[in-house]
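[1] Pasting a predicted model and its sequence here:
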Amino acid sequence: DQQVKQNSPSLSVQEGRISILNCDYTNSMFDYFLWYKKYPAEGPTFLISISSIKDKNEDGRFTVFLNKSAKHLSLHIVPSQPGDSAVYFCAASASTGKLIFGQGTTLQVKP
Amino acid sequence: GAVVSQHPSWVICKSGTSVKIECRSLDFQATTMFWYRQFPKQSLMLMATSNEGSKATYEQGVEKDKFLINHASLTLSTLTVTSAHPEDSSFYICSARGEGAKNIQYFGAGTRLSVL
């Protein structure tokens, strides 16, 4: 049972435009959500997170939106840069602190 | 952000031998460390959770006698793959979380294990 889903395996965006990566979850006990960026053969790098008591968190070019009623979160990157090309994982956690990861979305930003 | 070092980054071993992977938190004390495994083009799958000074908690389906985890200090956890077989070949990644880290885990660079 996939509790965290990223239904788009890949996304291609032009440099300078907005990238929107989506994530859905099924477990209503999740109360903290994170986005990680990963390059091949490297560990994930933490990008941004959001608590379930908020609906938006912004950090520079990255903004995460949370819609609890829809059990949906999204990561917006604007403006997108070629260096943003990587695999993006969303993750969710409940009280145990364990992270449940989605399958990842490969973002390609074209110059 | 916090720095987690994982060593080695790549190891090749013969079938039947054991391999030890180290995970260190360099600039913070990691009360909890996690070990993940990633298959090609798949997500990270949690193998086990370890707290300093106590036994690791393994996820369902993970053989604790095969994947030995030791978390002897607040900055070091090790994963030993015992009697490795080709099916153990994978990408292993550790992460660490400090006190009050709000569920944020910081990851090492991963270890590519190839068992011949």
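    Received, thanks. Residues are numbered from 1 along each chain as shown, chains lettered A, B, ... in the order given.
[2] Beta-bridge partners for residue B:46, please?
    Beta bridges link residue B:46 to residue B:36 when assigned by DSSP bridges.
[3] what sits against it?
    For residue B:46, the contacting residues are A:98-100, B:34-36, B:59, by CB atoms under 8 Å, 6 or more residues apart in numbering or on different chains. For every residue, glycine as well, the C-beta is placed using N, CA and C.
[4] rerun at 10 Å
    Contacts of residue B:46 were listed using CB atoms under 10 Å, 6 or more residues apart in numbering or on different chains, and they are A:98-101, B:34-37, B:57-59, B:62, B:95.
[5] Which one of these is nearest to residue A:9?
    Relative to residue A:9, the closest of the contacts of residue B:46 is residue A:101; by CB to CB it sits at 14.1 Å.
[6] what is the closest one paired to in the beta sheet?
    Per DSSP bridges, the residues bridged to residue A:101 are residue A:91.
[7] Show the buried residues in the contacts of residue B:46.
    Buried subset of these (neighbour count, 16 or more other CB atoms under 10 Å in any protein chain shown): A:98-101, B:34-37, B:57-58, B:62, B:95.
[8] if we can go back for a sec, could you dump the contacts of residue B:46 into CSV with pLDDT and distance to residue A:52 added?
    As requested, the contacts of residue B:46 are arranged in CSV below (pLDDT from 0 to 100; distance: CB to CB, whole Å):
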residue, pLDDT, distance to residue A:52
A:98, 89, 16
A:99, 92, 15
A:100, 92, 14
A:101, 93, 18
B:34, 95, 21
B:35, 96, 27
B:36, 95, 23
B:37, 95, 28
B:57, 93, 24
B:58, 95, 28
B:59, 94, 24
B:62, 94, 29
B:95, 95, 21
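[9] Turn those residues into a markdown table, including distance to residue A:34.
    Below are these laid out as a markdown table (distance: CB to CB, whole Å):
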| residue | distance to residue A:34 |
| --- | --- |
| A:98 | 12 |
| A:99 | 7 |
| A:100 | 10 |
| A:101 | 9 |
| B:34 | 13 |
| B:35 | 18 |
| B:36 | 14 |
| B:37 | 19 |
| B:57 | 21 |
| B:58 | 23 |
| B:59 | 19 |
| B:62 | 23 |
| B:95 | 11 |
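[10] For chain B, which residue gets nearest to chain A?
    Among all residues of chain B, residue B:107 sits closest to chain A, at 3.5 Å; criterion: CB to the nearest CB.
[11] give me the number of residues near that residue?
    Neighbour count for residue B:107, taken as other CB atoms under 10 Å in any protein chain shown: 23.
[12] what's the distance between it and residue B:6?
    Going from residue B:107 to residue B:6 by CB to CB, to the nearest Å gives 8 Å.
[13] and for the two, which residues touch both?
    Here residue B:107 and residue B:6 have A:43, B:23, B:93-96 as joint contacts, going by CB under 10 Å, 6+ apart.
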